[in-house]
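**Student:** Mind folding the following:
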Amino acid sequence: MTEGFKHKTVLLDEAVEQLVIDPSGAYFDGTFGRGGHSRLILSCLSSAGALVAVDKDPEAIQEGERLVAADSRFTMVPGSFAGIESIAHSKEILFDGVLLDLGVSSPQLDDVGRGFSFSQNGPLDMRMDSSSGMTAADWINTAGEQEIADVLWQYGEERFSRRMARAIVERRKDTPFTHTLDLADVVAKANPRWEKRIHPATRAFQAIRIFINNELSDLEVLLAALDSVLKPGGRLVVISFHSLEDRLVKRFIQQHEKDPWPEGLPVQGQQFTPRFRRVGKAMKASAEEIAINPRARSAVMRVAEKAR
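**Tutor:** Residues are numbered from 1 along each chain as shown. Next up is the predicted model:
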(Lines give C-alpha, C1' and ligand atoms only; values in the text may rest on other atoms or scores of the structure.)
Protein backbone atom coordinates (compact mmCIF):
# COMPACT_ATOMS: atom_id res chain seq x y z
CA MET A 1 0.00 0.00 0.00
CA THR A 2 1.19 3.53 -0.74
CA GLU A 3 2.82 4.84 2.42
CA GLY A 4 0.54 7.20 4.30
CA PHE A 5 -2.71 6.29 2.51
CA LYS A 6 -4.95 4.00 4.55
CA HIS A 7 -8.31 2.52 3.63
CA LYS A 8 -11.13 1.64 6.02
CA THR A 9 -13.29 -1.09 4.49
CA VAL A 10 -16.99 -0.17 4.67
CA LEU A 11 -19.57 -2.67 6.05
CA LEU A 12 -16.78 -5.22 6.41
CA ASP A 13 -18.30 -7.69 8.86
CA GLU A 14 -21.83 -7.30 7.51
CA ALA A 15 -20.83 -8.02 3.91
CA VAL A 16 -18.71 -11.08 4.67
CA GLU A 17 -21.36 -12.50 7.01
CA GLN A 18 -23.91 -12.34 4.17
CA LEU A 19 -21.47 -13.63 1.54
CA VAL A 20 -19.84 -16.72 3.05
CA ILE A 21 -22.51 -19.42 3.18
CA ASP A 22 -20.12 -22.39 2.85
CA PRO A 23 -16.62 -22.33 4.38
CA SER A 24 -15.40 -24.76 1.73
CA GLY A 25 -16.90 -22.76 -1.15
CA ALA A 26 -15.42 -20.61 -3.92
CA TYR A 27 -15.84 -16.83 -3.73
CA PHE A 28 -15.21 -13.80 -5.97
CA ASP A 29 -14.13 -10.39 -4.66
CA GLY A 30 -14.64 -8.08 -7.65
CA THR A 31 -13.06 -5.03 -6.01
CA PHE A 32 -9.99 -6.16 -4.06
CA GLY A 33 -8.84 -2.61 -3.23
CA ARG A 34 -6.48 -3.02 -0.28
CA GLY A 35 -7.85 -6.46 0.60
CA GLY A 36 -10.04 -5.73 3.62
CA HIS A 37 -12.94 -7.89 2.52
CA SER A 38 -10.68 -10.55 0.99
CA ARG A 39 -8.69 -11.10 4.19
CA LEU A 40 -11.86 -11.49 6.26
CA ILE A 41 -13.37 -13.87 3.68
CA LEU A 42 -10.22 -16.02 3.81
CA SER A 43 -10.43 -16.10 7.61
CA CYS A 44 -13.91 -17.61 7.29
CA LEU A 45 -12.91 -20.31 4.78
CA SER A 46 -11.67 -23.83 5.47
CA SER A 47 -8.59 -25.29 3.79
CA ALA A 48 -10.89 -26.42 0.94
CA GLY A 49 -12.21 -22.90 0.27
CA ALA A 50 -11.00 -20.58 -2.47
CA LEU A 51 -11.14 -16.87 -3.22
CA VAL A 52 -10.53 -15.14 -6.55
CA ALA A 53 -10.11 -11.36 -6.47
CA VAL A 54 -9.75 -8.81 -9.27
CA ASP A 55 -8.84 -5.14 -9.46
CA LYS A 56 -7.79 -2.63 -12.11
CA ASP A 57 -5.55 -0.59 -9.81
CA PRO A 58 -1.81 -1.46 -10.09
CA GLU A 59 -1.25 -0.77 -6.38
CA ALA A 60 -4.19 -3.02 -5.44
CA ILE A 61 -2.76 -5.75 -7.67
CA GLN A 62 0.62 -5.48 -5.91
CA GLU A 63 -1.14 -5.80 -2.55
CA GLY A 64 -3.04 -8.82 -3.87
CA GLU A 65 0.14 -10.50 -5.08
CA ARG A 66 1.54 -10.27 -1.55
CA LEU A 67 -1.57 -12.08 -0.30
CA VAL A 68 -1.17 -14.73 -3.02
CA ALA A 69 2.31 -15.48 -1.63
CA ALA A 70 0.90 -15.84 1.88
CA ASP A 71 -2.25 -17.89 1.20
CA SER A 72 -2.56 -20.67 -1.40
CA ARG A 73 -6.37 -20.41 -1.34
CA PHE A 74 -6.19 -16.92 -2.87
CA THR A 75 -5.85 -15.92 -6.53
CA MET A 76 -5.35 -12.36 -7.81
CA VAL A 77 -6.43 -11.46 -11.34
CA PRO A 78 -5.62 -8.02 -12.82
CA GLY A 79 -8.55 -6.39 -14.61
CA SER A 80 -12.21 -5.56 -14.26
CA PHE A 81 -14.90 -7.56 -12.48
CA ALA A 82 -16.72 -7.41 -15.81
CA GLY A 83 -14.50 -10.36 -16.80
CA ILE A 84 -16.08 -12.66 -14.20
CA GLU A 85 -17.58 -15.00 -16.79
CA SER A 86 -14.29 -15.67 -18.56
CA ILE A 87 -12.51 -16.07 -15.21
CA ALA A 88 -15.08 -18.63 -14.01
CA HIS A 89 -14.91 -20.52 -17.29
CA SER A 90 -11.09 -20.52 -17.43
CA LYS A 91 -10.90 -21.91 -13.89
CA GLU A 92 -13.88 -24.24 -14.48
CA ILE A 93 -15.61 -23.14 -11.27
CA LEU A 94 -18.94 -21.76 -10.15
CA PHE A 95 -18.89 -19.30 -7.27
CA ASP A 96 -20.75 -19.58 -3.98
CA GLY A 97 -20.63 -15.82 -3.58
CA VAL A 98 -19.77 -12.64 -5.47
CA LEU A 99 -18.86 -9.44 -3.62
CA LEU A 100 -18.58 -5.92 -5.06
CA ASP A 101 -17.52 -2.90 -2.99
CA LEU A 102 -18.03 -0.17 -5.59
CA GLY A 103 -16.59 3.32 -5.61
CA VAL A 104 -13.14 4.75 -5.05
CA SER A 105 -10.90 3.60 -2.21
CA SER A 106 -9.48 6.09 0.28
CA PRO A 107 -5.88 5.68 -0.98
CA GLN A 108 -7.06 6.54 -4.50
CA LEU A 109 -8.93 9.64 -3.27
CA ASP A 110 -6.16 10.79 -0.94
CA ASP A 111 -3.30 10.34 -3.41
CA VAL A 112 -3.38 13.60 -5.42
CA GLY A 113 -1.26 11.91 -8.08
CA ARG A 114 -4.25 9.75 -9.08
CA GLY A 115 -6.25 12.83 -10.08
CA PHE A 116 -9.55 12.00 -8.35
CA SER A 117 -9.61 14.93 -5.91
CA PHE A 118 -11.36 18.24 -6.49
CA SER A 119 -9.95 19.69 -3.27
CA GLN A 120 -6.24 18.97 -3.81
CA ASN A 121 -4.26 19.68 -6.95
CA GLY A 122 -2.94 16.82 -9.05
CA PRO A 123 -2.75 15.64 -12.65
CA LEU A 124 -6.22 15.28 -14.20
CA ASP A 125 -6.10 11.49 -14.57
CA MET A 126 -8.92 9.61 -12.73
CA ARG A 127 -8.07 6.19 -14.23
CA MET A 128 -8.47 3.19 -11.93
CA ASP A 129 -5.89 1.46 -14.14
CA SER A 130 -3.29 4.19 -14.47
CA SER A 131 -1.31 2.11 -16.98
CA SER A 132 -3.82 2.20 -19.83
CA GLY A 133 -6.77 4.03 -21.31
CA MET A 134 -7.77 7.65 -21.72
CA THR A 135 -7.14 10.11 -18.88
CA ALA A 136 -9.77 12.59 -17.75
CA ALA A 137 -7.60 15.36 -19.25
CA ASP A 138 -7.48 13.56 -22.63
CA TRP A 139 -11.26 13.39 -22.66
CA ILE A 140 -12.14 16.80 -21.23
CA ASN A 141 -9.83 18.52 -23.75
CA THR A 142 -11.26 16.77 -26.81
CA ALA A 143 -14.92 15.85 -26.17
CA GLY A 144 -17.69 17.95 -27.68
CA GLU A 145 -19.79 20.26 -25.51
CA GLN A 146 -22.89 18.08 -25.88
CA GLU A 147 -20.97 14.92 -24.97
CA ILE A 148 -19.55 16.56 -21.83
CA ALA A 149 -23.03 17.80 -20.83
CA ASP A 150 -24.49 14.32 -21.40
CA VAL A 151 -21.82 12.64 -19.24
CA LEU A 152 -22.27 15.14 -16.38
CA TRP A 153 -26.04 14.64 -16.49
CA GLN A 154 -26.13 10.88 -17.04
CA TYR A 155 -23.43 9.82 -14.57
CA GLY A 156 -23.50 12.72 -12.10
CA GLU A 157 -27.18 13.74 -12.26
CA GLU A 158 -25.74 17.28 -12.39
CA ARG A 159 -28.61 19.68 -13.17
CA PHE A 160 -26.21 22.40 -14.36
CA SER A 161 -24.46 20.05 -16.77
CA ARG A 162 -25.00 22.28 -19.82
CA ARG A 163 -23.63 25.39 -18.09
CA MET A 164 -20.60 23.45 -16.91
CA ALA A 165 -19.95 21.89 -20.31
CA ARG A 166 -20.15 25.31 -21.96
CA ALA A 167 -17.71 26.79 -19.43
CA ILE A 168 -15.27 23.88 -19.89
CA VAL A 169 -15.26 24.21 -23.69
CA GLU A 170 -14.84 28.01 -23.52
CA ARG A 171 -11.95 27.78 -21.07
CA ARG A 172 -10.02 25.09 -22.98
CA LYS A 173 -9.93 27.32 -26.07
CA ASP A 174 -7.22 29.29 -24.25
CA THR A 175 -5.45 26.59 -22.24
CA PRO A 176 -6.05 22.82 -22.10
CA PHE A 177 -6.92 21.35 -18.70
CA THR A 178 -4.06 19.47 -17.06
CA HIS A 179 -4.79 19.57 -13.30
CA THR A 180 -7.73 18.83 -11.02
CA LEU A 181 -8.05 22.19 -9.25
CA ASP A 182 -8.11 23.99 -12.59
CA LEU A 183 -11.14 21.93 -13.71
CA ALA A 184 -12.77 22.12 -10.27
CA ASP A 185 -12.52 25.93 -10.31
CA VAL A 186 -14.16 26.25 -13.74
CA VAL A 187 -16.94 23.81 -12.81
CA ALA A 188 -17.55 25.49 -9.44
CA LYS A 189 -17.90 28.91 -11.07
CA ALA A 190 -20.43 27.47 -13.54
CA ASN A 191 -22.54 26.12 -10.67
CA PRO A 192 -24.98 28.89 -9.62
CA ARG A 193 -26.36 27.06 -6.57
CA TRP A 194 -23.78 25.80 -4.12
CA GLU A 195 -25.09 23.34 -1.51
CA LYS A 196 -24.02 23.13 2.10
CA ARG A 197 -21.36 20.51 2.86
CA ILE A 198 -21.04 19.52 -0.83
CA HIS A 199 -18.28 20.89 -3.05
CA PRO A 200 -19.88 22.41 -6.20
CA ALA A 201 -17.70 20.18 -8.41
CA THR A 202 -18.58 16.93 -6.60
CA ARG A 203 -21.13 15.58 -9.09
CA ALA A 204 -19.10 16.63 -12.13
CA PHE A 205 -15.95 14.88 -10.88
CA GLN A 206 -17.98 11.80 -9.95
CA ALA A 207 -19.53 11.71 -13.42
CA ILE A 208 -16.18 12.03 -15.22
CA ARG A 209 -14.64 9.28 -13.06
CA ILE A 210 -17.54 6.90 -13.73
CA PHE A 211 -17.33 7.60 -17.47
CA ILE A 212 -13.53 7.29 -17.75
CA ASN A 213 -13.55 3.93 -15.94
CA ASN A 214 -16.70 2.41 -17.53
CA GLU A 215 -17.98 1.80 -14.02
CA LEU A 216 -21.70 1.41 -14.76
CA SER A 217 -21.22 -0.64 -17.93
CA ASP A 218 -18.85 -2.99 -16.05
CA LEU A 219 -21.54 -3.46 -13.37
CA GLU A 220 -24.17 -4.20 -16.02
CA VAL A 221 -21.89 -6.84 -17.60
CA LEU A 222 -21.30 -8.56 -14.24
CA LEU A 223 -25.00 -8.60 -13.35
CA ALA A 224 -25.83 -10.12 -16.74
CA ALA A 225 -23.24 -12.88 -16.17
CA LEU A 226 -24.35 -13.84 -12.65
CA ASP A 227 -26.73 -16.58 -13.72
CA SER A 228 -23.88 -18.46 -15.38
CA VAL A 229 -21.21 -17.99 -12.68
CA LEU A 230 -23.13 -18.49 -9.41
CA LYS A 231 -24.08 -21.85 -7.95
CA PRO A 232 -27.73 -22.35 -7.01
CA GLY A 233 -28.07 -20.76 -3.57
CA GLY A 234 -25.00 -18.58 -4.23
CA ARG A 235 -25.00 -15.01 -2.93
CA LEU A 236 -24.52 -11.59 -4.56
CA VAL A 237 -23.43 -8.85 -2.12
CA VAL A 238 -23.03 -5.31 -3.50
CA ILE A 239 -22.00 -2.18 -1.59
CA SER A 240 -22.82 0.94 -3.63
CA PHE A 241 -21.84 4.56 -2.99
CA HIS A 242 -23.73 6.16 -5.87
CA SER A 243 -27.47 6.19 -6.52
CA LEU A 244 -26.99 5.06 -10.14
CA GLU A 245 -25.01 1.99 -9.06
CA ASP A 246 -27.54 1.13 -6.36
CA ARG A 247 -30.42 1.61 -8.80
CA LEU A 248 -28.88 -0.91 -11.23
CA VAL A 249 -28.50 -3.52 -8.48
CA LYS A 250 -31.97 -2.86 -7.03
CA ARG A 251 -33.62 -3.19 -10.45
CA PHE A 252 -31.67 -6.36 -11.23
CA ILE A 253 -32.95 -7.99 -8.04
CA GLN A 254 -36.51 -6.75 -8.59
CA GLN A 255 -36.60 -7.99 -12.19
CA HIS A 256 -35.24 -11.44 -11.37
CA GLU A 257 -37.36 -12.19 -8.32
CA LYS A 258 -40.58 -11.60 -10.24
CA ASP A 259 -42.76 -14.22 -11.86
CA PRO A 260 -41.33 -14.53 -15.41
CA TRP A 261 -44.72 -15.53 -16.84
CA PRO A 262 -46.93 -12.87 -18.57
CA GLU A 263 -49.66 -11.54 -16.29
CA GLY A 264 -52.96 -13.41 -16.60
CA LEU A 265 -51.58 -16.83 -17.58
CA PRO A 266 -52.94 -19.70 -15.42
CA VAL A 267 -49.55 -20.58 -13.87
CA GLN A 268 -49.38 -22.91 -10.88
CA GLY A 269 -47.24 -21.97 -7.87
CA GLN A 270 -44.75 -24.75 -8.58
CA GLN A 271 -44.18 -23.27 -12.05
CA PHE A 272 -43.05 -19.96 -10.57
CA THR A 273 -39.27 -20.06 -10.85
CA PRO A 274 -37.61 -16.71 -10.09
CA ARG A 275 -33.87 -16.62 -10.82
CA PHE A 276 -32.95 -14.63 -7.69
CA ARG A 277 -34.50 -13.62 -4.40
CA ARG A 278 -33.54 -10.68 -2.21
CA VAL A 279 -32.03 -11.40 1.18
CA GLY A 280 -33.17 -8.88 3.79
CA LYS A 281 -33.51 -5.14 3.29
CA ALA A 282 -30.95 -2.69 1.97
CA MET A 283 -28.42 -2.05 4.73
CA LYS A 284 -26.54 1.15 5.58
CA ALA A 285 -23.53 1.77 7.77
CA SER A 286 -24.19 2.34 11.48
CA ALA A 287 -23.80 5.73 13.13
CA GLU A 288 -20.74 4.34 14.90
CA GLU A 289 -19.09 3.32 11.61
CA ILE A 290 -19.90 6.67 9.96
CA ALA A 291 -18.37 8.49 12.94
CA ILE A 292 -15.12 6.57 12.40
CA ASN A 293 -15.27 6.61 8.59
CA PRO A 294 -17.39 9.49 7.14
CA ARG A 295 -17.10 8.00 3.62
CA ALA A 296 -19.40 5.19 4.81
CA ARG A 297 -22.36 7.55 5.04
CA SER A 298 -23.44 7.03 1.42
CA ALA A 299 -22.90 3.25 1.38
CA VAL A 300 -25.87 0.96 0.66
CA MET A 301 -25.52 -2.84 0.75
CA ARG A 302 -27.92 -5.17 -1.07
CA VAL A 303 -27.89 -8.97 -0.98
CA ALA A 304 -29.52 -11.45 -3.35
CA GLU A 305 -29.44 -15.23 -3.61
CA LYS A 306 -29.63 -17.32 -6.76
CA ALA A 307 -32.64 -19.62 -6.77
CA ARG A 308 -31.88 -23.25 -6.01
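
**Student:** From now on I want contacts and neighbour counts done on CA atoms only, so please keep to that.
**Tutor:** Fine.

**Student:** from the chain's centre, how far out does whichever strand or helix holds residue 216 sit?
**Tutor:** Per DSSP states H and E: residue 216 is located in helix 215-229. Centroid separation for helix 215-229 versus its chain: 12 Å, with Cα atoms, centre = their mean, to the nearest Å.

**Student:** and it, what does it pack onto?
**Tutor:** helix 84-91, helix 243-256 (3 or more Cα pairs under 8 Å, 6 or more residues apart in numbering; DSSP states H and E).

**Student:** cutoff 10 Å now
**Tutor:** Other elements packing on helix 215-229 under the criterion 3 or more Cα pairs under 10 Å, 6 or more residues apart in numbering; DSSP states H and E are helix 84-91, strand 95-101, helix 202-212, strand 230-240, helix 243-256.

**Student:** In contact with residue 24, which residues?
**Tutor:** 44-50, 96 (Cα atoms under 10 Å, 6 or more residues apart in numbering).

**Student:** one step back: pull out the buried residues from the helix holding residue 216.
**Tutor:** Buried positions in helix 215-229, judged by neighbour count with 16 or more other Cα atoms under 10 Å: 215, 219, 222-223, 225-227, 229.

**Student:** I'd like those residues as JSON lines, with pLDDT and distance to residue 278 appended.
**Tutor:** Supplementary listing: the buried residues of helix 215-229 in JSON lines, determined by pLDDT from 0 to 100; distance: Cα to Cα, whole Å:
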{"residue": "215", "pLDDT": "93", "distance to residue 278": "23"}
{"residue": "219", "pLDDT": "97", "distance to residue 278": "18"}
{"residue": "222", "pLDDT": "98", "distance to residue 278": "17"}
{"residue": "223", "pLDDT": "97", "distance to residue 278": "14"}
{"residue": "225", "pLDDT": "97", "distance to residue 278": "17"}
{"residue": "226", "pLDDT": "97", "distance to residue 278": "14"}
{"residue": "227", "pLDDT": "94", "distance to residue 278": "15"}
{"residue": "229", "pLDDT": "97", "distance to residue 278": "18"}
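
**Student:** Considering these, which is situated nearest to residue 133?
**Tutor:** Of all the buried residues of helix 215-229, residue 133 sits closest to residue 215, with 13.6 Å by Cα to Cα.

**Student:** Quickly list what residue 78 is bridged to.
**Tutor:** In this entry, residue 78 is beta-bridged to residue 55, by DSSP bridges.

**Student:** distance of it from residue 204?
**Tutor:** 28 Å (Cα to Cα, to the nearest Å).

**Student:** What degree of burial does residue 308 show, as a neighbour count?
**Tutor:** 11 (other Cα atoms under 10 Å).

**Student:** shaky segments in the protein?
**Tutor:** Within the chain, the stretches with pLDDT under 70 are 1-7, 259-272.

**Student:** Break it into its domains for me.
**Tutor:** Per the TED database, the domain ranges recorded for the chain read 12-107+215-306, 113-213.

**Student:** got the end-to-end distance for the shortest one?
**Tutor:** Between the opening and closing residues of domain 113-213 there is a gap of 17 Å (Cα to Cα).

**Student:** And for stretch 78-97?
**Tutor:** For stretch 78-97, the first-to-last residue distance is 19 Å (Cα to Cα).

**Student:** before we move on, what about stretch 289-307?
**Tutor:** 32 Å.

**Student:** can you pull the buried residues of it?
**Tutor:** Neighbour-count burial for stretch 289-307, counted by 16+ other Cα under 10 Å, picks out 289-290, 295-297, 299-307.

**Student:** Distance from the chain centre to it, please.
**Tutor:** That offset, for stretch 289-307, works out to 12 Å (Cα atoms, centre = their mean).

**Student:** same deal with stretch 103-111?
**Tutor:** Centroid separation for stretch 103-111 versus its chain: 12 Å, with Cα atoms, centre = their mean.

**Student:** now do stretch 223-242
**Tutor:** The answer for stretch 223-242 is 13 Å, by Cα atoms, centre = their mean.

**Student:** Done for today, thanks.
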